[in-house]
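Participant: Model the structure of this input:
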Amino acid sequence: MATESAHSEGAELGRYLRARRTQTSPGHVGLTVGAGIRRTPGLRREELATLAGISIDYYVRLERGKETRPSPAVLDSLARALHMDDQQHQHLRELAARAARYAPEPPPAPSRTVRPHLKLLLESLRPNPAYVISRSLDLLAWNPGGLALYAGLDDWPVKQRNLARYFFLHPAARDLFGDWERQIATCVARLRAIAGTAPDAPDLTNLVGELLLKSPDFAGLWERYEVTGRKPTHKTFHHPQVGTLTLISQSLHIEGTPGQRIGVYTAEPGSPDHDAMLLLDRVDMGGMDGMDGMDGMNDVGGVDDVSGVSGVSGVSGVGDLTAPRPAQRP
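Facilitator: Alright, predicted model coming up:
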């Protein structure tokens, strides 16, 4: 059993090396290509092995998942040969570390509990759209603008509200983002980086399995194995209810949580973007039946025995649109 697990983790390391090798052109690393036709996309195995200063046999074993304990020096040499950036290099190290050890049990799904003070923080950030997301991009808590910003997301049941699922499967997503292709590439890179070091985590495997089945765009990006996402600080939304607005985005890790992050959007006060943001904070969310206000806040988002992207049913409501309202949450 230990051997099978180590081989599985070694295969993940090998897949990553192969993806980086096939996407690295000879010219990019200073090799001169002859006039003949190359049948191999990117670098050949022997070319990479030579650049890294290791034997071709050893590299083949790495790529096939049969060698699971490469030394730090070998990893550094491969990273230099492939011109990896810091994030890609770190991901390579993490994959190698996982391949070198045996994990007897798949990790449990992380808790979806959102602390009460974070829900109060979301309320205090109004009218700035804000939300709390899990590491797999499940929407765990939000204020009115945080949900309204992603047009049509409120049409889905609470347990389906996931930003990756929205980008690839919601019909409104392509129209909402003028740079939709850039957004989805960043999204997949983030999920790839997490899945590479926790490939058996149920919150990731269920989501990835669903998107591989339902979205050819996701499947194509997933196969590329990019783990470096360039998240833009300014995002433009072509919103069907408040028009076009460009907001500054900021994402912050929440300490003491299993990968939860808080996302916040801001705009310069007095600007047209800020005016649109104010309107967004007061958009009436249709289809939000079964709202229960602020009662039971400690229980919201706290389902621990879920798998994949499961959640809780029922969300808090929207009261008087002219008065301050509590942060909405699943």
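Participant: For the stretch 51-200 of the chain, which residues score under the pLDDT cut-off?
Facilitator: 102-107, 199 (pLDDT under 70).
Participant: Do you have the strands of it handy? List them.
Facilitator: For the stretch 51-200 of the chain, strands defined by DSSP state E, counting those that start in this stretch occupy the ranges 130-133, 139-142.
Participant: Looking at those, which one is packed in the most?
Facilitator: Counting by mean count of other CB atoms under 10 Å, strand 139-142 has the highest mean neighbour count of the strands of the stretch 51-200 of the chain, with a mean of 28. All C-beta atoms are positioned from the backbone trio N, CA, C, and that covers glycine.
Participant: Using CSV, list the CA coordinates for that one.
Facilitator: The C-alpha coordinates for strand 139-142 follow below in CSV (Å, rounded to 0.1, in the frame of the first residue of the first chain):
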residue,chain,number,x,y,z
LEU,A,139,-18.5,31.0,-1.4
LEU,A,140,-18.9,30.7,2.4
ALA,A,141,-20.1,34.2,3.5
TRP,A,142,-20.7,37.5,1.8
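Participant: So what sits opposite residue 237 in the bridge?
Facilitator: Taking DSSP bridges, one obtains residue 177, residue 245 as the residues bridged to residue 237.
Participant: circling back: distance to residue 190 added to the strands of the stretch 51-200 of the chain, as a markdown table?
Facilitator: Compiled in a markdown table, the strands of the stretch 51-200 of the chain are given as follows (distance: least, CB to CB, whole Å):
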| stretch | distance to residue 190 |
| --- | --- |
| strand 130-133 | 11 |
| strand 139-142 | 15 |
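Participant: quick one: which of these is nearest residue 54?
Facilitator: Set against residue 54 and scored by CB to CB, the strands of the stretch 51-200 of the chain come closest in strand 130-133, at 40.2 Å.
Participant: Sheet-wise, list the partners of that closest one with their directions.
Facilitator: When pairing is defined by DSSP bridges, strand 130-133 lines up against strand 139-142 (antiparallel), strand 261-266 (antiparallel).
Participant: tell me how far it is from the chain's mean position?
Facilitator: Per CA atoms, centre = their mean, to the nearest Å, the displacement of strand 130-133 from the mean C-alpha position of its chain is 14 Å.
Participant: ditto for stretch 198-211
Facilitator: So, by CA atoms, centre = their mean, the centroid of stretch 198-211 is 12 Å from its chain's centroid.
Participant: Same check on stretch 255-273?
Facilitator: Taking CA atoms, centre = their mean, one finds the center of stretch 255-273 at 16 Å from the center of the full chain.
Participant: Please shift the residue numbers so they start at 480 in all later answers.
Facilitator: Sure, I'll start counting at 480 from here, so that last one is stretch 734-752.
Participant: Enumerate every residue touching the residue lying closest to residue 549 once chain neighbours are set aside.
Facilitator: For residue 549, the nearest residue in space outside its immediate sequence neighbours is residue 575; the separation is 5.6 Å by CB to CB, 6 or more residues apart in numbering. The neighbours of residue 575, taking CB atoms under 8 Å, 6 or more residues apart in numbering as the test, are 492, 548-549, 554.
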